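[1] Here is a sequence with its predicted model. Questions after.
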Amino acid sequence: SQQGEEDPQALSIQEGENATMNCSYKTSINNLQWYRQNSGRGLVHLILIRSNEREKHSGRLRVTLDTSKKSSSLLITASRAADTASYFCATDPPNAGKSTFGDGTTLTVKP
Amino acid sequence: NAGVTQTPKFQVLKTGQSMTLQCAQDMNHNSMYWYRQDPGMGLRLIYYSASEGTTDKGEVPNGYNVSRLNKREFSLRLESAAPSQTSVYFCASSEAAGYSYEQYFGPGTRLTVT
């Protein structure tokens, strides 16, 4: 079964609005990562947050991690049509040597 | 610096045929991975190789074999293709230095088994 589960499955917003997507997971982790996938392409790494971090920023992206609730959120501020993509969280359990991906949130940003 | 490359980009097989998907990375990464992605779904790990000379099963290994040919190359073989193996296959690599597993993905191979 998937370790990470994204919510919502699909999100549609207007350009300029903020988009928030969430990821919940079941077991302890070393890191949690967010990836973006444009239609028909491979995944692109966005941001990695370690288990001892609570918040991380990268440009218009803000990621939070709450290990007590086993959840993370990805906020994209001032969204653009080019942000239209699927977003996946991936969890890295200790000593696993591999990540486990969720099923993703499909974000549509309307111009 | 090409990153992660995969060949072929597209393939159509008949049930029972075999084929090998090729993957290479030029980032001197230790770890490599093969995933499959079915429509509307996330990635499921088929096999991975934590370092040259080692391979391990992932979540969905049945029907597949892998070879870590050297540090750069990691191939995925379907011995007897089945329609259930119709999917998009992604190869990825990472440094896997014990604590950080940021992965770099190839463009994918779209496989259809009829």
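    All right, it came through fine. Residues are numbered from 1 along each chain as shown, chains lettered A, B, ... in the order given.

[2] residue contacts, A:Lys56?
    By CB atoms under 8 Å, 6 or more residues apart in numbering or on different chains, the contact list for A:Lys56 reads A:47-49, A:62-63. In short, each C-beta sits where N, CA and C put it, glycine included.

[3] Tell me the one of those nearest chain B?
    In terms of CB to the nearest CB, no member of the contacts of A:Lys56 lies closer to chain B than A:Leu48, at 5.7 Å.

[4] what about the closest one, how many residues close to it?
    20 (other CB atoms under 10 Å in any protein chain shown).

[5] So which of the contacts of A:Lys56 reach chain B?
    A:Leu48 (CB under 8 Å from any CB of the partner chain).

[6] Next step: the contacts of A:Lys56 restricted to strands.
    A:47-49, A:62-63 (DSSP state E).

[7] a markdown table for those residues, including distance to B:Pro107?
    Listed next are these as a markdown table, based on distance: CB to CB, whole Å:
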| residue | distance to B:Pro107 |
| --- | --- |
| A:Ile47 | 22 |
| A:Leu48 | 22 |
| A:Ile49 | 27 |
| A:Arg62 | 29 |
| A:Val63 | 26 |
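
[8] ok so A:Ala78 is a helix residue?
    No - A:Ala78 is assigned coil when assessed by DSSP: H, G, I helix; E, B strand; the rest coil, not a helix.

[9] can you pull the contacts of the residue of chain B found nearest chain A?
    Here the residue of chain B nearest chain A is B:Phe105; by CB to the nearest CB that distance is 3.6 Å. Residues counted as contacts of B:Phe105 (CB under 8 Å, 6+ apart) are A:42-44, B:4, B:90-92.
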